[in-house]
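> Next one to model:
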Amino acid sequence: MKLFIKRFSGLVKGTLSGFDRIVFKGCILPLMSYLEVMNFCRTMGILNKDYKSWMMNQTKLIIEDAEQYAINNCGQGITHIPTWRLRKETLAHERQQTNRITSGLIGIWSCLEAGSSYRAAYCPDRGYPLLKPYKTRCKHLYFYFDDPNLGFMNIRLQTWFPYHIQVCLNGREWLRRSLEQRNIDFLVHGNKFLHIADYHQAQELLNDQLNVRFAKLLNSFLPIVFPAMRDILGPYLSYYWTLWQSEWATDIITSSSDKLSGLMDSLLRHAHMTGTSTRVLRYLDRPLTKAGKPYRRSSDDVITRLTDFNDGVRCRHWVGNNSVKVYNEQNVLRFETTINDPGKFLVFRHKQGESEDRSKQRRPMRKGVVDIPLRASISQDINNRFMNDLAQLKDDTPVGDFIETITSHTVKNGRRFRALDPTGKDRELLQAISDPAFRISGLTNKMLREKLSGTSFGGKRTEKQLSAKISRHLSLLRAHGLIRKLPRQHRYQLTLKGVKLTNMLNAILSASTENLLEIAA
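Numbers count the residues shown, from 1 in each chain. Okay, the predicted model is just below:
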């Protein structure tokens, strides 16, 4: 991170690192086993055959409590959504703006969505019904708040037994409320801070979020969304909380959105071109051999996507269910790590229940809230690795030294390949592969045939002859490390070396003699 900030110090106003979206899931561990559920029913005096009618009565009670809470706190009852495809967050924001709600409950929405529950099924061996788990669709309630301390947030409650809960917070919304309480001026757009009067204090507030006792915080919502919990489940059962998904964002707030937009083209090309599988695996802390290559037994899939995002562009690298991305919005450049599968990361920690006197060992990171500080540290390390690679965008290597590496023959797999002639017979080919359209989609033999058919490189050759010539030259470019072949495709992409060479060649050919002499002087 420090390397990146130093590299672009003239553009940076301030930085922020902390949680963005964080999604917690709560479950009652004893009720995750059908045997324990039957023990629970036996304790409560509920026969297995009567389980469904008992459950539906409790569901009715939960919905009635939520209906009354909604009427008392926002003036209208539960709003039903006919399909899960509608974005509830958008509906909540629209109602908040329409009703000018600045704090408290915004509304409660209900929707029929997938969930897991239990049902009674007759067991011939036992001669009576047993409870078995199954996947179903049942009513879920969405509570949306603009909390005075935590900002915009939502809670999702499954109204069918065993009453799973999901709590979605946003670290940037949390920061917004903290800044308001301390009368620190700021300008915010969505979940991006475009300006903060005191960046140091803002970062301290983000750091303080890691010191919160999350289990206590999350349990404090239960009397609001599930007031009948003790009546339904008794006094001894409690929720176990896990951090199901986390987004850790490092924001670089710049002095000008125009200057940042001008820089993004080069940054994204660099991020996309250098996003080889080994680099992405290294970003996301996956094991590599001493030679820096993936292990043969590795099953990690690496995916890179480059897409438009709001008013900017986003480059995102995926390894399994975890990802790292970079994108810009207005004057903010954001690097963000998303962790859905923390078990892929090894951290030093004690085994659960182990004495603190024992030495820590490298073990998979857990989803439990106890590992939140470790998850934050891992996420920041990923952002730092990504940023440090992008900080290498500038290259002071003399043109002569770089040209020398391609103007001599090379040997690959025992086969000798001739030297390249970048200003002679290979100039048209090198200029063709530098087309920005090929930077994202890659290039193929057919694409190059269409581009070179009317040039001296294509000559008067038939399409078949030109195809054969281009194939030979693609092998030549691969041997010199200027392009790489995409797996299981007849498609190629420029390597970082290829990007440097083509940019350098285009710059030299478009510059005047006077400009080149001034630079040399």
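> C-alpha from now on. contacts and neighbour counts both.
Will do.
> Work out for me the element the closest residue to Glu463 other than its chain neighbours sits within.
Leaving aside its chain neighbours, Glu463 sits nearest to Arg449 (7.6 Å; criterion: CA to CA, 6 or more residues apart in numbering). For Arg449, the element it lies in under DSSP states H and E is helix 445-452.
> how about that helix as PDB, C-alpha atoms only?
Written as PDB, here are the backbone C-alpha positions of helix 445-452 (Å, rounded to 0.1, in the frame of the first residue of the first chain):
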ATOM      1  CA  ASN A 445      -5.600 -15.900 -36.200                       C
ATOM      2  CA  LYS A 446      -8.800 -14.800 -37.800                       C
ATOM      3  CA  MET A 447      -8.800 -11.300 -36.200                       C
ATOM      4  CA  LEU A 448      -5.300 -10.700 -37.400                       C
ATOM      5  CA  ARG A 449      -6.100 -11.900 -40.900                       C
ATOM      6  CA  GLU A 450      -8.900  -9.300 -41.100                       C
ATOM      7  CA  LYS A 451      -6.500  -6.600 -39.800                       C
ATOM      8  CA  LEU A 452      -3.500  -7.400 -41.900                       C
END
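> just how off-centre is the helix or strand just after it within its chain?
Once the chain leaves helix 445-452, the next helix or strand it forms, by DSSP H and E, is helix 463-479. The chain centroid and the centroid of helix 463-479 are separated by 39 Å, computed with CA atoms, centre = their mean, to the nearest Å.
> ok now whichever helix or strand comes after helix 463-479, how far from the chain's centre?
Sequence order places strand 483-485 as the next helix or strand after helix 463-479, per DSSP H and E. Counting by CA atoms, centre = their mean, strand 483-485 is centred 27 Å from the centre of its parent chain.
> and strand 483-485, what does it pack onto?
Secondary-structure packing of strand 483-485 (3 or more CA pairs under 8 Å, 6 or more residues apart in numbering; DSSP states H and E): helix 463-479, strand 492-494.
> Hey, what's the angle from the longest one to helix 445-452? Just curious.
Spelled out, that is helix 463-479. Between helix 463-479 and helix 445-452, the angle comes out at 110 degrees (axes from the mean of the first three to the mean of the last three CA atoms, to 10 degrees).
> what comes up buried for helix 463-479?
466-467, 469-470, 474, 476-479 (16 or more other CA atoms under 10 Å).
> try the last one
Applying a neighbour-count criterion of 16+ other CA under 10 Å, the buried positions in strand 492-494 are 492-494.
> Let me have these in TSV, extended by distance to Ile71.
Below are the buried residues of strand 492-494 laid out as TSV (distance: CA to CA, whole Å):
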residue	distance to Ile71
Tyr492	60
Gln493	59
Leu494	60
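> for these, which one is nearest Tyr236?
Gln493 (60.1 Å; CA to CA).
> coming back round to it: need the contact partners of the helix holding Arg449.
Helix 445-452 has contacts (CA atoms under 8 Å, 6 or more residues apart in numbering) with 428-429, 432-433, 458, 463, 466-467, 470-471, 491.
> export the residues you listed to CSV and tack on pLDDT?
As requested, the contacts of helix 445-452 are exported to CSV (pLDDT from 0 to 100):
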residue, pLDDT
Glu428, 89
Leu429, 90
Ala432, 87
Ile433, 86
Gly458, 84
Glu463, 89
Leu466, 91
Ser467, 92
Ile470, 92
Ser471, 93
Arg491, 85
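> List just the nearest of these to Pro223.
Among the contacts of helix 445-452, and counting by CA to CA, the member closest to Pro223 is Arg491, at 57.8 Å.
> That closest one contacts Thr444, doesn't it?
Yes - taking contacts as CA atoms under 8 Å, Arg491 lies within contact range of Thr444: 4.9 Å.
> Report the rounded mean pLDDT for the longest helix along the chain.
The residue-count maximum for a helix in the chain (DSSP state H) belongs to helix 51-74. For helix 51-74, the mean pLDDT works out to 95.
> chain center to it: distance?
The mean C-alpha position of helix 51-74 is separated from the chain mean by 36 Å, CA atoms, centre = their mean.
> Check stretch 75-94 too.
Counting by CA atoms, centre = their mean, stretch 75-94 comes out at 25 Å from the chain centroid.
> which residues make contact with that stretch from outside it?
Under CA under 8 Å, 6+ apart, the answer for stretch 75-94 is 66-68, 70-71, 106-113, 144.
> CA atoms only: put it into CSV for me.
What follows is stretch 75-94, C-alpha atoms only, in CSV (Å, rounded to 0.1, in the frame of the first residue of the first chain):
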residue,chain,number,x,y,z
GLY,A,75,-46.7,3.7,10.3
GLN,A,76,-47.3,0.8,7.9
GLY,A,77,-47.3,-2.9,8.1
ILE,A,78,-45.3,-5.6,6.3
THR,A,79,-45.1,-5.2,2.6
HIS,A,80,-45.1,-8.4,0.6
ILE,A,81,-42.8,-8.8,-2.4
PRO,A,82,-44.1,-11.2,-5.1
THR,A,83,-40.7,-12.4,-6.2
TRP,A,84,-37.2,-12.8,-4.7
ARG,A,85,-35.8,-11.2,-7.8
LEU,A,86,-36.8,-7.7,-6.7
ARG,A,87,-33.9,-5.9,-4.9
LYS,A,88,-35.2,-5.2,-1.4
GLU,A,89,-32.4,-2.7,-0.7
THR,A,90,-33.6,-0.5,-3.6
LEU,A,91,-37.2,-0.6,-2.2
ALA,A,92,-35.9,0.4,1.2
HIS,A,93,-33.8,3.3,-0.1
GLU,A,94,-36.8,4.6,-2.2
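> Flag every buried residue along it.
Buried, per 16+ other CA under 10 Å, within stretch 75-94: 77-78, 88, 92-93.
> so what's Thr423 up against?
Leu505.
> what's the distance between it and Met504?
11 Å (CA to CA, to the nearest Å).
> Could you do Tyr144 as well?
Relative to Met504, and taking CA to CA, Tyr144 is found at 54 Å.
> and the two? which has more neighbours close in?
Tyr144 (24 against 14; other CA atoms under 10 Å).
> what's near enough to touch that one?
92, 105-108, 152-155.
> just for the protein, where's the confidence low?
1, 262, 265-266, 268-302, 304-313, 392-397, 436-441, 507, 510-511, 515-521 (pLDDT under 70).
> quick one: secondary structure of the residue nearest the centre of it?
By CA atoms, centre = their mean, the chain has its centre lying nearest to Thr338, at 3.5 Å. Three-state call for Thr338 (DSSP: H, G, I helix; E, B strand; the rest coil): strand.
> can you check Lys351 too?
Using three-state DSSP, the structure places Lys351 in coil.
> Now do the contacts for it.
Going by CA under 8 Å, 6+ apart, Lys351 touches 360, 363.
> any idea how far the residue nearest to the centre of the chain is from Leu233?
Taking CA to CA, one finds Thr338 at 35 Å from Leu233.
> picking that back up, any chance of the helices and strands packed on strand 483-485 in JSON lines, plus distance to Phe40?
Shown next, in JSON lines, are the helices and strands packed on strand 483-485 (distance: least, CA to CA, whole Å):
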{"stretch": "helix 463-479", "distance to Phe40": "66"}
{"stretch": "strand 492-494", "distance to Phe40": "60"}
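> OK, contacts around Ala376?
Counted by CA under 8 Å, 6+ apart, Ala376 has contacts 18-19, 248.
> ugh, wrong one, Arg137
Applying CA under 8 Å, 6+ apart, the residues near Arg137 are 112-116.
> Strands - which of those residues land there?
112-116 (DSSP state E).
> For these, work out which two are farthest apart.
Leu112 and Ser116 (12.5 Å).
> quick one, helices of the stretch 251-400 of the chain?
257-273, 277-283, 372-390, 399-404 (DSSP state H, counting those that start in this stretch).
> Please identify the buried residues of stretch 217-229?
Buried, per 16+ other CA under 10 Å, within stretch 217-229: 218, 222, 225-226, 228-229.
> Leu31 versus Leu131, what's the distance?
Counting by CA to CA, the gap from Leu131 to Leu31 is 12 Å.
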